[in-house]
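Engineer: Show me the folded form of this:
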Amino acid sequence: MTRHLTVVDHPLVAHKLTEMRDRGTPTQAFRRLLREIGLLLTYEITRTLPMSTRRVETPLREMDAPVLTGRDPALVSILRAGNGLLDGVLDIIPSARVGFVGLYRDEETLEPVRYYFKVPENLDDRLVIAVDPMLATGNSAAAAVDLLKEAGASDIRFLCLLAAPEGVGRMKDAHPDVPIVTAALDEHLDGNGYIVPGLGDAGDRMFGTK
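Structural biologist: Residues are numbered from 1 along each chain as shown. Reported below is the predicted structural model:
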């Protein structure tokens with residue numbers, strides 16, 4: 001992937017995202033929609049996976065057919081809301097290795113605070129896809145990518161549901177080599193660091209905690 005930001009322009013993605021934005025959408029439906037959009041966005045973020053060929057025999061003849069090559073990708077969920085997107089990606093890449101980065105946002109400084117980090121081995125030889133529904137200030141995403149690079153990852157992509165211009169800019173400044181794939185680029189952040197118009201707190205809406 002070469003573009004820093006890719007907004008997936010697809011009718012199914014747009015429709016499902018609108019349902020998620022609706023404040024009346026219940027928790028169960030919100031979780032299902034997030035998983036479904038995660039599945040759809042995976043097609044875009046994995047578009048350039050390395051390929052080889054394998055000799056197979058169809059019912060009619062033999063052929064050299066395309067297959068994925070190299071190590072299985074590593075999916076890294078930025079807790080806690082990242083798990084909603086993670087499920088959809090795993091539906092498409094069930095063989096992927098999975099890791100977790102625990103970061104919470106200090107409500108006063110808006111800076112990320114690390115509380116957990118566990119990732120697969122051999123990140124230097126895998127495509128690493130970091131997932132988090134909301135790219136708001138970009139501080140947590142940038143901090144998570146910092147940790148992944150320290151762990152050896154060199155081919156990293158970031159998958160999110162919604163992005164704010166501030167978060168995209170922060171990521172571009174901190175990690176210009178990390179492409180971002182999202183369902184929508186919203187208008188701006190409010191004074192509390194929430195994406196506008198957005199959909200509220202993705203974690204709270206997914207887990208029914210508010």
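Engineer: Can you show me the helices along the chain?
Structural biologist: Taking DSSP state H to define them, one finds helices in the chain at 11-21, 27-45, 82-92, 139-150, 165-174, 202-207.
Engineer: Looking at those, spot the one closest to Asp72.
Structural biologist: Among the helices of the chain, the nearest to Asp72 by C-beta to C-beta is helix 82-92 (11.3 Å). Heads up, the C-betas are built off the backbone N, CA and C, glycines and all.
Engineer: Report all helices and strands that that closest one contacts.
Structural biologist: Applying 3 or more C-beta pairs under 8 Å, 6 or more residues apart in numbering; DSSP states H and E, we find helix 82-92 packed against helix 27-45, strand 74-79, strand 97-105, strand 127-131, strand 155-163.
Engineer: beta partners for the closest residue in space to Val56 that isn't next to it in sequence?
Structural biologist: Spatially, and ignoring its direct neighbours in sequence, Val56 is nearest to Ala65 (4.9 Å; C-beta to C-beta, 6 or more residues apart in numbering). Note on Ala65: beta-bridge partners by DSSP bridges are Arg54.
Engineer: residues touching Ala65, list them.
Structural biologist: For Ala65, the contact set (C-beta atoms under 8 Å, 6 or more residues apart in numbering) comprises 53-56.
Engineer: Recalculate using a threshold of 10 Å.
Structural biologist: 53-58 (C-beta atoms under 10 Å, 6 or more residues apart in numbering).
Engineer: From these, pick the one nearest Val89.
Structural biologist: Taking C-beta to C-beta as the measure, Val89 sits nearest to Arg54 out of the contacts of Ala65, at 24.0 Å.
Engineer: Let me know the pLDDT of the closest one.
Structural biologist: Confidence at Arg54, expressed as pLDDT, is 96.
Engineer: For it, give me its contacts.
Structural biologist: Counting by C-beta under 10 Å, 6+ apart, Arg54 touches 63-67, 69.
Engineer: and the gap between it and Glu62?
Structural biologist: In this view, Arg54 and Glu62 are 11 Å apart by C-beta to C-beta, to the nearest Å.
Engineer: Output the contacts of Arg54 in JSON lines; the columns should cover distance to Lys118.
Structural biologist: Compiled in JSON lines, the contacts of Arg54 are given as follows (distance: C-beta to C-beta, whole Å):
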{"residue": "Met63", "distance to Lys118": "41"}
{"residue": "Asp64", "distance to Lys118": "39"}
{"residue": "Ala65", "distance to Lys118": "36"}
{"residue": "Pro66", "distance to Lys118": "33"}
{"residue": "Val67", "distance to Lys118": "30"}
{"residue": "Thr69", "distance to Lys118": "27"}
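Engineer: mean pLDDT for the helices and strands packed on helix 82-92: which is lowest?
Structural biologist: When these are compared on average pLDDT, strand 97-105 comes out lowest at a mean of 90.
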